[in-house]
Each structure stands twice: as C-alpha cells, then as structure tokens.
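>>> need a structure here:
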Amino acid sequence: MTYATQQDMIDRFGEQELIELTDRDQLGVIDATVMAKALADADAEINAYLVARYTLPLAGTPPILTKFAADVARYQLYDTKATEQVKARYDDAVKFFKMLSSGAVSLGLDPASEPVAATGSVKFSAPTRVFNDDSLGGY
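Take a look at the predicted model:
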C-alpha cells in the first residue's frame, strides 16, 4: 500500500519542482521511476513506525499519512540539498510518526482497525526450592 502517489506530490509541490528533482536525463518530465522509488522509501520509513501500533497494511490511508508521506518523499528527493522548509516538514513528519508509534496520537481509524492491547499472562516454571525458611530454620 502506498500512502502518497505521484499525483499527490504534484498537487502539493507542483510539477516543475518535481521535474527538477527527478529528471536526471533532462527530458523535461517527471521521471516516474525516481518518483516511485522516493515514494516507496517514504512508505518503508512510515511503516517502520506504524508496525509498532498497527497491523499492516492499513485498511485505508488517512489523509494525514498522505501529507506526511509526501513530505518524506520530497525530502528524500532533495537528498543533501534540502531547504530549511523541506527539512522542517520532514522533521515534523518524523515527530508525528514517533508519537504514533508511542501511542501519543492516533490515526483516527475505525475502532476495528485500531491496535488492540495484548491480553494474556506470562507463564513460567521453576524447580522446587532447595533452600527455604523451613530448611534453613536452624542457621
């Protein structure tokens, strides 16, 4: 499941910026392969946080994930030339993912999709104690 698409990226950042970030062959168009790789990398980064709280793949993509996936993919496309704004948006996304992972915020999915606390008990066994209060009573 992908959280953002190429069209989401175009809608958010404009086609010209994305051409400049992806067009390595100077063809004047968005390189779909480069874009797909950035989006897949963003999905993998997001999933690393989500797996702590949610069963993947999610049933749907909440709009907040689309926004942050686009921000992460854009940051990755900029590579080492990210502007302060691009880096700040990426940092905000990571902060949000950490809060999701810890349970401080929720995706607002249907209750059936929300993570469920684990139930059960821990069981263990050990041999009978050799020394106890009764056997050491005289010492």
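
>>> so which residues of the chain form helices?
All helices of the chain, identified by DSSP state H, fall at 6-13, 15-22, 32-50, 63-78, 84-102.

>>> please identify the buried residues of the third one?
Read that as helix 32-50. 34-35, 38-39, 42-43, 45-47, 49-50 (16 or more other CB atoms under 10 Å). Every C-beta, even on glycine, is put in place using the N, C-alpha and C of the backbone.

>>> will you turn those residues into TSV that also has pLDDT and distance to residue 76?
Converted to TSV, the buried residues of helix 32-50 look like this (pLDDT from 0 to 100; distance: CB to CB, whole Å):
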residue	pLDDT	distance to residue 76
34	97	10
35	98	10
38	98	5
39	98	9
42	98	7
43	97	11
45	97	8
46	97	12
47	95	15
49	94	16
50	93	18
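
>>> any low-confidence regions in the protein?
Counting by pLDDT under 70, the low-confidence segments of the chain come to 110-125, 139.

>>> repeat that for 90
1-2, 52-56, 58-60, 103, 106-139 (pLDDT under 90).

>>> what residue is smack in the middle of it?
Closest to where the C-alpha atoms of the chain average out (CA atoms, centre = their mean) is residue 46, at 1.7 Å.

>>> my guess is it contacts residue 66. True?
No - between residue 46 and residue 66 there is no contact under CB atoms under 8 Å: 10.5 Å.

>>> now residue 11: how far from residue 26?
According to CB to CB, to the nearest Å, residue 11 stands 24 Å off from residue 26.
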